[in-house]
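In: what shape does this take:
(one chain, ligands or ions: 1)
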Amino acid sequence: MILKVTHIFQYGLLTWSTTIAPHIHHLWAFLLLIVVTIKYLVQRSRSVYLVEYACFGPHSNYRVNPTTWFKTLRLFLDDDTISFLRNIFRRSGLGNETCLPSSLHYIPPIHSLSRDAKTSVKPNEIDILIVNCSCTTMIPSMTDMIIINRYKLRSGIRNTELSGMGCSAGLIAVGLARNLLQTMSYGAHALVVSTEILTGKYYAGRKRSMQLTNMLFRMGGAAVLLSTSRANARFELMHIVRKSTSAQDSAYHCVFHEEDEEGNLGLNLSKDLVATAGEALKSNITTTAPLVLPFSFLLSTIAQKVFKKTTSTKHCVPNFSFAVQHFCVHAGGKAVIDAVQRSLNLSDEQVEPSRTPATVAAGRPASPPSSPGVAAIDVGGSRGRIRRQTRWPRLPPREAAVTLPGAEAGRAVRAGVDAAWWRLHGPRLSKGRSGRSWSYGKVGSTWPSSGRIRRKKKTLHRFGNTSSSSLWYEMAYCEAKQLMRKGDRVWMIGFGSGYKCNSAVWKCILPSHSADSAWANCIHRYPMDVAKQYV
Ligand SMILES: CC(C)(COP(=O)(O)OP(=O)(O)OC[C@H]1O[C@@H](n2cnc3c(N)ncnc32)[C@H](O)[C@@H]1OP(=O)(O)O)[C@@H](O)C(=O)NCCC(=O)NCCSC(=O)CC(=O)O
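Out: This is a model prediction of the structure:
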């Protein structure tokens, strides 16, 4: 009996080892593949989308009337300080419509951040809430008090407040929301609210570097809804890059909340701030460039630097216009935007959403063209040459006298201009009836008048330095001006105390067809003639 059992067992073992065992390896390999795939699907970082955003449009009651404002300041400041502040205000690039909180005007406050309900997402569908406000911390926090309590958000919400992180905190909040969203179930929503409460931070002393804050900062705010679901999304978040230079003492001290000699608290803005911002930007570019620029382009830029300009000691900055169509630079002050424009080699049009007055005069025709609205570029026949070129829109200088190939005019123009320029302005050019001329904008619109026209550039002028929300006012400006197209990339560059340079790259999925409420009633006035404004 025992012998029989042993026999059967031996036979079974033999059969298993010759028929099933070789296939067990395949089974193991298959199971391993499934486990790895599931692990990859669960752990891979999900894309994060911007569903909608809204900027706060302060009521006109909050506007700073420079005449009244300086009259009020006269009550407690000496003539010398007043004339310094008047000078700064005149040169700051802020217009006459910027706003300050009610406490500085004695008008009852408005609590709502946005009067429009722009999405169909209900308050109880929000899973994450992040509020960033640098200057003011409250107990309970702004997330609890102003938002969760007021809008009755659900109890399981993950809420966080960021304070003291400076004007670049808006992008830090977006990065934090992205990380949290990636740990939650598909389709979760995160609401980011970026604002600044200036009331308690008004500086009443005489120190110039601290008075600067009163001149530049204005009230504002933006609400941004993010999700991991692509449905109804308007932008896709491509990259977030954070750089901090706080390890260096000078950078750490360049935006500092402190007391002056007389004990007045205020924010001190160092004269080194612009140089520090340049250094922080340089470090940010080093990380951002390989993420956004094609490898071949990076290689050619490096080759150019190595072989053509060996004697130049200038930092090699690639042309980002090849990969990015819209630049939103923190409206920190005229000098900050100037520095970024110089560093990145951007045109006036490219910093248009952020900037302050600049002159667009060179190359403008002395008189309007014979037919209204015609022509940015006049192409003379099939073997044409650009006979006349205006700076409206601006063509890259190297294209000024290019001989065009014997192709059809549209293609010839396209061949003659810089690819980035074409992406930005091409869709707005239309061919004249003769096929030999091109119009910019609507045919029939009048050509801008001759002479020096100063263009106010835009967010800083209309809203002032609204801290972390300024980048959203700039994005909204691009959309209100109908500059945004599907597939366009937007590069937001924020600066903030520390000193930090944080940036985000977005890809447009669905441009807005209407202006954000903050710009809706004033977008038609931009660009405006600075001469008409009180200074
Ligand atoms: C203030 C300006 C608009 C003035 O521009 P202009 O080019 O017209 O003139 P300018 O630079 O020659 O300066 C004019 C006068 O102001 C004085 N001045 C300029 N900056 C000063 C400072 N930080 N402290 C004290 N005085 C200052 C100059 O000495 C000069 O005085 P005099 O005439 O007597 O010689 C510009 O300098 C500017 O934008 N600066 C950067 C502002 C800034 O720091 N923004 C960041 C805010 S913080 C932020 O947004 C985010 C964050 O970091 O968290």
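In: show me what from the stretch 51-200 of the chain comes close to the ligand.
Out: Within the stretch 51-200 of the chain, the residues that sit near the ligand (CB under 6 Å from any ligand atom) are 88, 91-92, 166-167. In short, each C-beta sits where N, CA and C put it, glycine included.
In: out of the residues you listed, who has the most neighbours?
Out: Cys167 (30 neighbours; other CB atoms under 10 Å).
In: surely that one is in contact with Leu471?
Out: No. Using CB atoms under 8 Å as the test, Cys167 is too far from Leu471 to be in contact (9.1 Å).
In: shared neighbours, those two?
Out: Residues touching both Cys167 and Leu471 (CB atoms under 8 Å, 6 or more residues apart in numbering): 330, 494.
In: helix or strand for Lys507, which one?
Out: Using DSSP states H and E, the element containing Lys507 is strand 500-508.
In: quick one, phi psi at the one residue in the stretch 251-400 of the chain that gets nearest to the ligand?
Out: Taking CB to the nearest ligand atom, the ligand has its nearest neighbour within the stretch 251-400 of the chain at Gly333, 2.7 Å off. Torsion angles at Gly333 (phi, psi; degrees, to the nearest 10) stand at phi 170, psi 160.
In: likewise Pro66?
Out: phi -60, psi -40.
In: same question, Thr276
Out: Torsion angles, degrees, to the nearest 10, at Thr276: phi -60, psi -40.
In: show me what contacts it?
Out: 245, 250-251, 254, 270, 499.
In: for the ligand, tell me which of the residues you listed show up nearby.
Out: With CB under 6 Å from any ligand atom as the criterion, the subset of the contacts of Thr276 in contact with the ligand comprises Ser270.
In: buried subset of the contacts of Thr276, written for ChimeraX?
Out: The ChimeraX command for the buried members of the contacts of Thr276 (criterion: 16 or more other CB atoms under 10 Å) is given here:
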select :245,251,254,270,499
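In: and the residue lying closest to Lys486 once chain neighbours are set aside, bridged to which residues?
Out: Sequence neighbours aside, Cys508 is the residue nearest to Lys486 in space, at 5.8 Å (criterion: CB to CB, 6 or more residues apart in numbering). Beta bridges link Cys508 to Phe235, judged by DSSP bridges.
In: show the pLDDT at Cys508.
Out: Per-residue confidence (pLDDT) for Cys508: 95.
In: that one touches Cys478, doesn't it?
Out: No. Using CB under 8 Å, Cys508 is not in contact with Cys478; the gap is 9.3 Å.
In: please enumerate the shared neighbours of the two.
Out: In contact with both Cys508 and Cys478: 484, 490, using CB under 8 Å, 6+ apart.
In: just for this structure, where's the confidence low?
Out: Applying pLDDT under 70 to the chain flags residues 1-3, 5-6, 9, 12-22, 41-44, 103-119, 308-316, 355-458, 527-535.
In: pull up the residues of the protein that are close to the ligand.
Out: 88, 91-92, 166-167, 208-209, 212, 216, 255, 269-271, 273-274, 332-336, 465, 495-497.
In: which other helices and strands does the strand holding Lys507 contact?
Out: helix 169-181, strand 235-244, helix 273-292, strand 489-496 (3 or more CB pairs under 8 Å, 6 or more residues apart in numbering; DSSP states H and E).
In: output the contacting helices and strands for the shortest one.
Out: Using 3+ CB pairs under 8 Å, 6+ apart as the contact criterion, the secondary-structure elements in contact with strand 489-496 are helix 169-181, helix 273-292, strand 326-329, helix 470-480, strand 500-508.
In: could I get these as a markdown table with distance to Asn61?
Out: A markdown table is the format used below for these (distance: least, CB to CB, whole Å):
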| stretch | distance to Asn61 |
| --- | --- |
| helix 169-181 | 26 |
| helix 273-292 | 32 |
| strand 326-329 | 28 |
| helix 470-480 | 19 |
| strand 500-508 | 33 |
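In: of the residues of the chain next to the ligand, buried ones?
Out: For the residues of the chain next to the ligand, buried by 16+ other CB under 10 Å: 88, 92, 166-167, 212, 216, 255, 269-270, 273-274, 332-334, 336, 465, 495-497.
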